[in-house]
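Asker: any chance you could fold what I've pasted below:
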Amino acid sequence: MTRRTAPFRLDGRATTAACPTGLRTIRRAGCRAAAAVFLAAALTGCTAAANSGANGGSSPASDLDADCRATKSDTGLEVTLTVSPCPPTGGGVAGTAGVEVKDADGKAVSGAKVEINPEMPNMKMKGGNQTARPEGDGYEAKLVLGMPGDWRITVTVVPASGEKSTTAFNLTAKG
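Answerer: Numbering: from 1, shown residues only. Have a look, this model is predicted:
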């Protein structure tokens, strides 16, 4: 392995230092200190990323209540997602996503095209769009979460008349 040397000026004098980390330093001790700081920062970042789902770090908190339901509004529509089994289970176990869609007057919206798209943002995993079929006053789709962890379920509603609505729900699947 070859070391790179980088000439630079310190107090008007030309100085050269070699550092295997690629960081410019004045002395060898400075090189070790820079490497230690770099390693500590890298390990801290990895640890934070690994624990973010467990401690609520940068991962989104679950939007679901104790009954595994959540409601959000977009473009005049109120969308409620209900996940079964409760709590949601990862690992490829097939569950269901129930979707209720209401208009601004609180009336159920029928005849809409409803799709759900589960994705795991931290792992860049997508579950693929599932078209929901009409079920009672709402819609129902198969929901498969490939592994335990934090998921985002995007619900897209295209009413027979009206504007398209896209709403995202965060949830945590258990193992």
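Asker: and for P87, the neighbour number?
Answerer: Applying other C-beta atoms under 10 Å, we find 13 residues neighbouring P87. In this view, the C-beta of every residue, glycine as well, is placed from N, C-alpha and C.
Asker: surely it is in contact with C68?
Answerer: Yes. The pair P87 and C68 qualifies as a contact (C-beta atoms under 8 Å) at a distance of 6.5 Å.
Asker: could you name every residue contacting both of these two?
Answerer: Here P87 and C68 share no contacting residue, scored by C-beta atoms under 8 Å, 6 or more residues apart in numbering.
Asker: and G138, how many neighbours does it have?
Answerer: Look at G138: counted by other C-beta under 10 Å, it has 20 neighbours.
Asker: quick one, domains of this protein?
Answerer: What automatic domain parsing lists as the domains of the chain is 5-55, 69-173.
Asker: what is the mean pLDDT for the last one?
Answerer: Yep, that's domain 69-173 we're talking about. The average pLDDT within domain 69-173 is 94.
Asker: please begin residue numbering at 25 from this point
Answerer: New numbering, starting at 25: the last item is domain 93-197.
Asker: need the distance between the two termini of it.
Answerer: Terminal residues of domain 93-197 are spaced 14 Å apart (C-alpha to C-alpha, to the nearest Å).
Asker: stretch 104-119 now?
Answerer: 16 Å.
Asker: and if you look at stretch 132-151?
Answerer: End-to-end span of stretch 132-151 (C-alpha to C-alpha): 27 Å.
Asker: check stretch 147-155 too.
Answerer: Stretch 147-155 end-to-end distance (C-alpha to C-alpha) = 23 Å.
Asker: now do stretch 131-148
Answerer: This stretch, stretch 131-148, spans 36 Å end to end (C-alpha to C-alpha).
Asker: check which residues of it are buried.
Answerer: V133, A136, V138, E139, I140, N141, P142, E143, M144, N146 (16 or more other C-beta atoms under 10 Å).
Asker: for these, give me a markdown table that also has distance to N153.
Answerer: Below are the buried residues of stretch 131-148 laid out as a markdown table (distance: C-beta to C-beta, whole Å):
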| residue | distance to N153 |
| --- | --- |
| V133 | 19 |
| A136 | 15 |
| V138 | 11 |
| E139 | 5 |
| I140 | 7 |
| N141 | 5 |
| P142 | 9 |
| E143 | 10 |
| M144 | 15 |
| N146 | 20 |
